[in-house]
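>>> Build me a model from this:
(chains A and B)
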There are 2 protein chains.
Amino acid sequence: MSDTDPINRQILLVSRPAGEATADNFRLVKTPLPPLASGQVRVRNHYLSLDPYMRGRMNDSKSYAAPQPLGEVMIGGTVGEVVESQNPKFKPGDKVLGMFGWQEYGTSDGSGLKIVDTAHVPISAYLGAVGMPGVTGWYGLNRIIEPKAGETVVVSAASGAVGSVVGQLAKVAGCRVVGIAGGADKCSYVVESLGFDACVDYKAGNLYQDLKAAAPNGIDGYFENVGGPVLDAVLPQMNAFGRIAVCGMIARYDGAPVPLQHPELILTQRLKVQGFIVNEQPDVWPQALRQLGELVAQKKLHFRESIAQGIENAPEAFLGLLKGRNFGKQLVRLV
Amino acid sequence: MSDTDPINRQILLVSRPAGEATADNFRLVKTPLPPLASGQVRVRNHYLSLDPYMRGRMNDSKSYAAPQPLGEVMIGGTVGEVVESQNPKFKPGDKVLGMFGWQEYGTSDGSGLKIVDTAHVPISAYLGAVGMPGVTGWYGLNRIIEPKAGETVVVSAASGAVGSVVGQLAKVAGCRVVGIAGGADKCSYVVESLGFDACVDYKAGNLYQDLKAAAPNGIDGYFENVGGPVLDAVLPQMNAFGRIAVCGMIARYDGAPVPLQHPELILTQRLKVQGFIVNEQPDVWPQALRQLGELVAQKKLHFRESIAQGIENAPEAFLGLLKGRNFGKQLVRLV
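Residues are numbered from 1 along each chain as shown, chains lettered A, B, ... in the order given. Alright, predicted model coming up:
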């Protein structure tokens, strides 16, 4: 390799967390880019998506997804621009969505790459409101909660990439929408910028009562992104025949399991509680992405991004995401 | 009233339990029967059904059903024979199903009374396998669990009125069926008389491992009649996309709440957990009763009854039911 060979900076997972994930679990490496083979396409990634699911992949435990192998580039969704192509389906300048992971360049035979329209939708939105987080919100709301106009829908992590979509779609559906978020800034944003009817700050220490005041008619649908004490505060306020879509749920806190205090409410209120993973629901993606893309293009679906700069800052941004330090969809800008 | 007036013996609820229900909560009274008015029908009850839901009605707490008023006859399903009628829809000798409660005679304008066919189905079955318990099992299995041939279905309280129907219907659907019951006698009955593939005795103290041995391919559907530690043993053995129908769930044990230890499994295994009350699902009753009646008439659906004799013994039989002392559907014979 010469000084002029293009260099790809990558982040590898080099060890598994013992408890909390730390920066030591990752390593930045510089790798020369080999010439393209016939049929291949090379993409300069513009944005990397950081998502909570990645923490699960860092473990070696049995889960619904294979663990991230050690010594390999961390997985992750990316958007970028084709810079070189030996594949007739792609040409330089095409904007594409892919799963190239935590690195500046991706090389692919084209499978799994999708050309996206950036004329009406910002490219980064394909990692958020018009991407996996958006479809996650769409699925949980429309296929599990199935909201009816006039019902009350509550969503936790309301200012986040998934929660913000859930709440705005529920407003479109004619519901009273109450967010739960951490801190006054996020709550203001949820109400003033996203248009929720109310938002409860769980850090204020009075979640049950504050939620009761914000949802005086009880809760018909709940989109769960966090679990633990938040779910314990929501569950007794669910109306009969309520639906809970479980998208995220803490399993351990400081090493201890986090039980659900009153599971009998599932019976007494005749609730449906259903977990889901959106990648297992491929049928809904086209319909969901079409609706989400239209709403974003019409500026009827708002979103916010936390953007870290440079691949070298991806681990720190990711650890901050796990602690809830992001405000909106967490991205890393790679250009 | 003269000595020859017919006397109706009734059991009233006279106080609400503080903790466990006791015999003191009930009182036997003798009430003369007034003459029938025009349009009325009088039924001599043959059997009274005792069911766990009655315990909830004894409380004054907010629940899905109105509390049983103090000083009135305890509610309950009954079957019996019309002995006198001023209503053209009924004639003496008709066998009828009703909700006359804990008493020897019922008087009605005919609403809520249903004539039943006792030529092919024993009259008491209309309080069990071809009644509310049967439809409860039918609904939870067919509308929530939705079993597919080859799947494994587990049911708790397997020898009971509901559980025995669930398991036998799941066998008809081509499933591997595992019961959970208390004691060797009940487990033998579940396997040998009801035809389950296996039954685990939770009293043997090794529920998780015994269940794992009995359901080696994991659990796809679970019909929950009890909750608590049984649910904690089942949940980690649920397969991806498993369904749990929640029909009964303990809320307190010795006064303390009974948490669910690992609610995060709902997400990691993408489970659907749904509570239901069969009286709220009137649409399914005709279809369910038709199928259940046919299976009983063809002797393909077996059931067992625990029969107490005499209205005066209803309280004791009911308290035994709450402690699991019954073996099969608990009835009181009133003739």
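
>>> Quickly find the element holding the nearest residue to A:L50 once chain neighbours are set aside.
When the adjacent residues along the chain are set aside, A:L50 lies closest to A:Q330, with 4.3 Å between them (Cβ to Cβ, 6 or more residues apart in numbering or on different chains). The way it works is simple: take the backbone N, C-alpha and C, and place the C-beta from them, glycine included. Using DSSP states H and E, A:Q330 maps to strand A:329-333.

>>> which residues sit against that strand?
Counting by Cβ atoms under 8 Å, 6 or more residues apart in numbering or on different chains, strand A:329-333 makes contact with A:46-51, A:102, A:124, A:127-129, A:133, A:160-161, A:303-311, A:313-314, A:317-318, A:320-321, all of which sit outside it.

>>> re earlier: how much space separates the residue nearest to A:L50 from chain B?
From A:Q330 over to chain B the distance is 21 Å, taken as Cβ to the nearest Cβ, to the nearest Å.

>>> Ok, A:P257 next?
Note on A:P257: its distance to chain B, by Cβ to the nearest Cβ, is 6 Å.

>>> My read is that that residue contacts A:M249, right?
No: A:P257 sits out of contact with A:M249 when judged by Cβ atoms under 8 Å, with a separation of 11.6 Å.

>>> Just the pLDDT at the residue nearest to A:L50, thanks.
On pLDDT, A:Q330 comes in at 96.

>>> same deal with A:Y64?
Model confidence at A:Y64, given as pLDDT, is 63.

>>> Contacts only, for A:A149.
Under the criterion of Cβ under 8 Å, 6+ apart, the contact partners of A:A149 comprise A:A173, A:G174, A:C175.

>>> Those residues, buried ones only, as a PyMOL selection?
If you want just the buried ones from those in PyMOL, going by 16 or more other Cβ atoms under 10 Å in any protein chain shown, the selection is:
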select buried, chain A and resi 173+175
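
>>> tell me the SS of the most centrally placed residue in chain A?
If you average the C-alpha coordinates of chain A and look for the closest C-alpha using Cα atoms, centre = their mean, you land on A:P133, 4.0 Å from that point. Reduced to three states with DSSP: H, G, I helix; E, B strand; the rest coil, the structure at A:P133 is helix.

>>> Roughly how far does it sit from A:L292?
Distance from A:P133 to A:L292, counting by Cβ to Cβ, to the nearest Å: 10 Å.

>>> and for these two, which residues touch both?
A:V165.

>>> How many residues are close by A:P229?
Each residue near A:P229 was counted by other Cβ atoms under 10 Å in any protein chain shown, and the total is 15.

>>> That one reaches A:L207, doesn't it?
Yes: because the distance of 7.2 Å satisfies Cβ under 8 Å, A:P229 is recorded as touching A:L207.

>>> What lies in contact with the worst-scoring helix or strand of chain A on mean pLDDT?
Confidence across the helices and strands of chain A bottoms out at strand A:252-253, with a mean of 75, counting by mean pLDDT, DSSP states H and E. Outside of strand A:252-253, the residues within contact range by Cβ under 8 Å, 6+ apart are A:G228, A:V258.

>>> Neighbouring strands - and their directions - for the very next helix or strand once past it?
From strand A:252-253 onward toward the C-terminus, using DSSP H and E, the following helix or strand is strand A:256-257. In the sheet containing strand A:256-257, the strands it pairs with under DSSP bridges are strand A:252-253 (antiparallel).

>>> Could you give the separation of the strand it pairs with from the chain centroid?
For strand A:252-253, the distance between its averaged C-alpha position and the chain's averaged C-alpha position is 20 Å (Cα atoms, centre = their mean, to the nearest Å).

>>> count of residues packed around A:I277?
When neighbours are counted by other Cβ under 10 Å, A:I277 comes out with 16.

>>> Next, it: phi, psi?
The phi and psi values for A:I277, taken as degrees, to the nearest 10, are phi -130, psi 120.

>>> Just the pLDDT at it, thanks.
Per-residue confidence at A:I277 stands at 94 (pLDDT).

>>> Is A:F100 in contact with A:I75, as I believe?
No: under the contact definition of Cβ under 8 Å, A:F100 does not touch A:I75, with a separation of 9.1 Å.

>>> ok but A:L169 is inside a helix, no?
Yes: when classified by three-state DSSP, A:L169 is found to be part of a helix.

>>> Next up, the contacts around the closest residue to it other than its chain neighbours.
On the basis of Cβ to Cβ, 6+ apart, the spatially nearest residue to A:L169 that is not a chain neighbour turns out to be A:L141, at 5.4 Å. When contacts are counted by Cβ under 8 Å, 6+ apart, A:L141 touches A:P147, A:V153, A:V166, A:L169, A:A170, A:A173, A:G221, A:F223, A:A245.

>>> Give me every residue in chain A lying close to chain B.
A:63-64, A:227, A:231, A:240, A:246-251, A:257-264, A:266-277, A:280 (Cβ under 8 Å from any Cβ of the partner chain).

>>> Three-state assignment for the closest residue to A:V165 other than its chain neighbours, please.
Using Cβ to Cβ, 6+ apart and skipping residues adjacent in sequence, the residue nearest A:V165 is A:G137, 3.5 Å away. Classification of A:G137 by three-state DSSP places it in helix.

>>> A:F100 and A:I75: which has the busier surroundings?
Per other Cβ under 10 Å, whichever of A:F100 and A:I75 has more neighbours is A:F100, with 26 against 18.

>>> Is that one part of a helix or strand, or is it coil?
If you use three-state DSSP, then A:F100 falls in the coil class.

>>> how close does it get to A:L319?
The spacing between A:F100 and A:L319, counted by Cβ to Cβ, is 21 Å.

>>> and what of A:E192?
With distances taken as Cβ to Cβ, A:E192 is found 29 Å from A:L319.

>>> that older thread, quick one: the contacts of A:L141 as JSON lines, columns for pLDDT and secondary structure too.
Shown next, in JSON lines, are the contacts of A:L141 (pLDDT from 0 to 100; DSSP: H, G, I helix; E, B strand; the rest coil):
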{"residue": "A:P147", "pLDDT": "98", "secondary structure": "coil"}
{"residue": "A:V153", "pLDDT": "98", "secondary structure": "strand"}
{"residue": "A:V166", "pLDDT": "98", "secondary structure": "helix"}
{"residue": "A:L169", "pLDDT": "98", "secondary structure": "helix"}
{"residue": "A:A170", "pLDDT": "98", "secondary structure": "helix"}
{"residue": "A:A173", "pLDDT": "97", "secondary structure": "coil"}
{"residue": "A:G221", "pLDDT": "98", "secondary structure": "strand"}
{"residue": "A:F223", "pLDDT": "98", "secondary structure": "strand"}
{"residue": "A:A245", "pLDDT": "98", "secondary structure": "strand"}
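
>>> between those, which is closest to A:K89?
Distance ranking of the contacts of A:L141 against A:K89, using Cβ to Cβ, places A:L169 first at 32.6 Å.

>>> all strands for the stretch 151-300 of chain A, in order.
Taking DSSP state E, counting those that start in this stretch as the criterion, the stretch 151-300 of chain A contains strands spanning A:152-156, A:176-181, A:198-201, A:219-224, A:238-246, A:252-253, A:256-257, A:272-275.

>>> Direction included, what does the fifth one pair up with?
Applying DSSP bridges to the sheet, strand A:238-246 is found paired with strand A:219-224 (parallel), strand A:272-275 (parallel).

>>> Relative to B:D197, which of those is closest?
Distances from B:D197 to each of the strands paired with strand A:238-246 were compared using Cβ to Cβ; the minimum, 27.7 Å, belongs to strand A:272-275.

>>> Put the buried members of the contacts of A:L141 into a ChimeraX selection.
In ChimeraX, the members of these classed as buried (16+ other Cβ under 10 Å) are selected with the following command:
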select /A:147,153,166,169,170,173,221,223,245
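
>>> B:V83: which of the contacts of A:L141 is nearest?
B:V83 has its nearest neighbour among the contacts of A:L141 in A:G221, at 51.4 Å by Cβ to Cβ.

>>> can you give me the angle the helix or strand A:V82 falls within makes with strand A:329-333?
In this assignment (DSSP H and E), A:V82 forms part of strand A:78-85. Taking axes from the mean of the first three to the mean of the last three Cα atoms, to 10 degrees, strand A:78-85 and strand A:329-333 form an angle of 30 degrees between their directions.
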